[in-house]
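1. can't give you the sequence, but here's the structure:
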Ligand SMILES: NC(=O)N[C@@H](CC(=O)O)C(=O)O
Ligand SMILES: [Zn+2]
Ligand SMILES: [Zn+2]
């Protein structure tokens, strides 16, 4: 039987939500990952260090008994965020990164930044104290086509920002285009990118061919096949600037299956099986550990996990549920559209 043992992975971009949803999904992450960067786009968002502290406590409370998991907290950047509070958060060890949502770009982003100029004092402080900025890299300009919003963001927002503040460490989250990959590769320092599991597997056909499939809709939206191939090449390359951020983003089915469905794909439960499949397809199983367990901690200045996990390839496909039941409602699980033979061995 084929198997591979790697350091325990981390997830560098995760939505856990709150309350009953948090309780319903956290076990899928804590079973598979040692740490995760927790997105702050709650309603209301996690804006202050005090908010993050309270949210962290709720996460720890919801953790299944016996699971060891470390939530790495982020702050949601607003135009009114206090630079002193950001610095306090970093000094206390609570805050791992600050998250920039251009206002209106994605789920719960209306309190985000409209005018980058207003965020400059906070960004300057972050550059000074070495705190990374995580970005949802899409413009929200109505004239810009949704498939071009990442490329236009790089050109009109990210590159000017990095030229103005080269010392700021920036994580381009959920990169979905060849443009994003090329931009990261062209940088000499202080830029890295996370890639989701689903963007390595689907292109935009999954959403639109043969009928609208809301469970493949997320933001940034999946692009053309050439972009998916560029993401795959980057993920399996071993290049230290690329690492996993699942962007697992649960929404209950009624909020996905309706006239104006929410963006987000839930993949925490089967991500590792999907990724082993992708890396095997690419003949790069030996690079899986770099992508899921080494490059992320190196970028965030943390040690890789000491614990190991073994993935085994089973004869019979592993049965994952198509939906999970949470106290908040039913959530559909990401369907990679191929059988999953790789399984995480449970000790
Ligand atoms: N990725 C998504 O499609 N949705 C995320 C927000 C985000 O990461 O942009 C969510 O919070 O639901
Ligand atoms: Zn996002
Ligand atoms: Zn996200």
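-> Looks like it came in fine. From a predicted model like this one, the values you see are computed outputs, not experimental measurements. Numbering: from 1, shown residues only. Ligands and ions are numbered 1, 2, ... in the order given.
2. mind listing the helices in this protein by residue range?
-> 19-30, 49-62, 83-91, 116-129, 149-153, 159-164, 178-186, 198-201, 205-208, 225-236, 253-256, 271-281, 288-289, 295-300 (DSSP state H).
3. Now do the buried residues in the last one.
-> Of the residues in helix 295-300, those buried under the neighbour-count criterion (16 or more other C-beta atoms under 10 Å) are 295-297, 299-300. C-beta coordinates here come from the backbone N, C-alpha and C atoms, glycine included.
4. go on, the fourth one?
-> Taking 16+ other C-beta under 10 Å as the basis for neighbour counts, the residues of helix 116-129 that come out buried are 116, 119, 122-123, 125-127.
5. so which of the helices of the chain gets nearest residue 68?
-> When the helices of the chain are compared by C-beta to C-beta, helix 19-30 sits nearest residue 68, at 7.6 Å.
6. what's the pLDDT at residue 106?
-> Note on residue 106: pLDDT of 89.
7. Just list the residues touching it, thanks.
-> 41, 136, 138, 219, 263 (C-beta atoms under 8 Å, 6 or more residues apart in numbering).
8. Also residue 292?
-> Residue 292 sits next to 6, 9-10, 243-244, 272, 275 when contact means C-beta under 8 Å, 6+ apart.
9. redo that, cut-off 7 Å
-> Residue 292 makes contact with 9, 244, 275 under the criterion C-beta atoms under 7 Å, 6 or more residues apart in numbering.
10. ok, those residues vs ligand 2, which is closest?
-> Distance to ligand 2 across these (C-beta to the ion) is lowest for residue 244, with 14.9 Å.
11. and that closest one, how many neighbours?
-> Using other C-beta atoms under 10 Å, residue 244 has 26 other residues around it.
12. sorry, back to before: could you point out which of the helices of the chain sits nearest ligand 2?
-> Of all the helices of the chain, it is helix 149-153 that lies closest to ligand 2, at 10.5 Å by C-beta to the ion.
13. Who are the packing partners of the closest one?
-> With contacts taken as 3 or more C-beta pairs under 7 Å, 6 or more residues apart in numbering; DSSP states H and E, helix 149-153 sits against helix 178-186.
14. Okay, angle between the helix it packs on and helix 225-236 too, please.
-> Counting by axes from the mean of the first three to the mean of the last three C-alpha atoms, to 10 degrees, helix 178-186 lies at 30 degrees to helix 225-236.
15. and the gap between residue 180 and residue 234?
-> Distance, residue 180 to residue 234, using C-beta to C-beta, to the nearest Å: 9 Å.
16. circling back to that earlier point, how about JSON lines for the helices of the chain, with mean pLDDT and distance to residue 99 added?
-> Shown next, in JSON lines, are those (pLDDT from 0 to 100; distance: least, C-beta to C-beta, whole Å):
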{"stretch": "helix 19-30", "mean pLDDT": "98", "distance to residue 99": "18"}
{"stretch": "helix 49-62", "mean pLDDT": "98", "distance to residue 99": "11"}
{"stretch": "helix 83-91", "mean pLDDT": "98", "distance to residue 99": "11"}
{"stretch": "helix 116-129", "mean pLDDT": "98", "distance to residue 99": "11"}
{"stretch": "helix 149-153", "mean pLDDT": "98", "distance to residue 99": "15"}
{"stretch": "helix 159-164", "mean pLDDT": "98", "distance to residue 99": "15"}
{"stretch": "helix 178-186", "mean pLDDT": "98", "distance to residue 99": "17"}
{"stretch": "helix 198-201", "mean pLDDT": "99", "distance to residue 99": "19"}
{"stretch": "helix 205-208", "mean pLDDT": "98", "distance to residue 99": "25"}
{"stretch": "helix 225-236", "mean pLDDT": "99", "distance to residue 99": "21"}
{"stretch": "helix 253-256", "mean pLDDT": "98", "distance to residue 99": "22"}
{"stretch": "helix 271-281", "mean pLDDT": "98", "distance to residue 99": "21"}
{"stretch": "helix 288-289", "mean pLDDT": "98", "distance to residue 99": "27"}
{"stretch": "helix 295-300", "mean pLDDT": "98", "distance to residue 99": "14"}
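17. Give the buried residues for stretch 5-18.
-> For stretch 5-18, by 16+ other C-beta under 10 Å, it's 6-17.
18. Show me which residues of this protein sit near ligand 2.
-> Within reach of ligand 2 by C-beta under 5 Å from the ion, the chain has these residues: 106, 136.
19. Show me which residues of the stretch 201-347 of the chain sit near ligand 1.
-> Contact residues, the stretch 201-347 of the chain versus ligand 1 (C-beta under 6 Å from any ligand atom): 218-219, 247, 249, 263-264.
20. try 8 Å
-> The stretch 201-347 of the chain has residues 217-220, 247, 249-251, 262-265 near ligand 1, with proximity defined as C-beta under 8 Å from any ligand atom.
21. Could you count how many residues lie near the closest residue to residue 275 other than its chain neighbours?
-> Spatial nearest neighbour of residue 275, excluding adjacent residues (C-beta to C-beta, 6 or more residues apart in numbering): residue 197 at 5.8 Å. Residue 197: 28 surrounding residues under other C-beta under 10 Å.
22. Dihedrals phi and psi, residue 197?
-> Here is the backbone geometry of residue 197 (degrees, to the nearest 10): phi -70, psi -50.
23. separation between it and residue 89?
-> 29 Å.
24. wait, doesn't residue 102 sit right on residue 113?
-> Yes. If you go by C-beta atoms under 7 Å, residue 102 and residue 113 touch, sitting 6.1 Å apart.
25. Residue of the stretch 51-200 of the chain nearest ligand 2, please.
-> residue 136 (3.5 Å).
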